[in-house]
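**Q** Requesting a structural model of the entry that follows:
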Amino acid sequence: MSRQALPVPTLPVPTLPVPTLHVCVNRRLGAAGSCAAAGSEALVAALAAEIARRGLDWRVAANPCMAHCAVGPNVKAAPGGPLLHHCRAGDAAAIIDRLIAEWSPP
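**A** Numbers count the residues shown, from 1 in each chain. Presented below is the predicted three-dimensional model:
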C-alpha cells in the first residue's frame, strides 16, 4: 500500500486592523445641533485629503452618532485611540499631528 502525504492545512494569516478615524456625521433636526450641522462632512473630506497627502495607511469613516453632540464634531481614532471633540475641517493637519504624537496605531 502506498502512502500519500496528507494535505497541510493552510491557516489564514492574521492581519492588523487598519488605523481608522471614525467621524460622526449625524444630523439632528432642531435647536440641539449635531456634528453634521457643525461641519463634520467637510471634516471627513479634509482628514482624508491630509492622510493621502502624508501617505499614511489610515482610513476615514463617516459614522452615526457617538453621543457627544454638544462637543462635536467628534473623531474617534481606532483601534485604541483618543476621542477628539470640537474638530473642524481647517484643523485636519493639526488633528493628524496630534494623533501621530499621541497615538500608536498597529
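**Q** name the element the spatially most central residue of the chain belongs to?
**A** Centroid-nearest residue in the chain, with CA atoms, centre = their mean: residue 21, separated by 1.3 Å. Using DSSP states H and E, residue 21 falls within strand 20-24.
**Q** hang on, the earlier thing: and for the residue nearest to the centre of the chain, nearest residue in space, chain neighbours not counted?
**A** residue 60 (4.9 Å; CB to CB, 6 or more residues apart in numbering). For every residue, glycine as well, the C-beta is placed using N, CA and C.
**Q** who's in contact with stretch 72-92?
**A** The contact list for stretch 72-92 (CB atoms under 8 Å, 6 or more residues apart in numbering) reads 17, 19-24, 33-36, 38-40, 42-43, 45-47, 49-50, 63, 66, 68, 71, 95, 98-99, 102-103, 105-106.
**Q** What about those residues, which are in helices?
**A** Counting by DSSP state H, these place 40, 42, 43, 45, 46, 47, 49, 50, 95, 98, 99, 102 in helices.
**Q** Next one: the last one from residue 22, what distance?
**A** Pointing back at residue 102 there. Distance, residue 102 to residue 22, using CB to CB, to the nearest Å: 17 Å.
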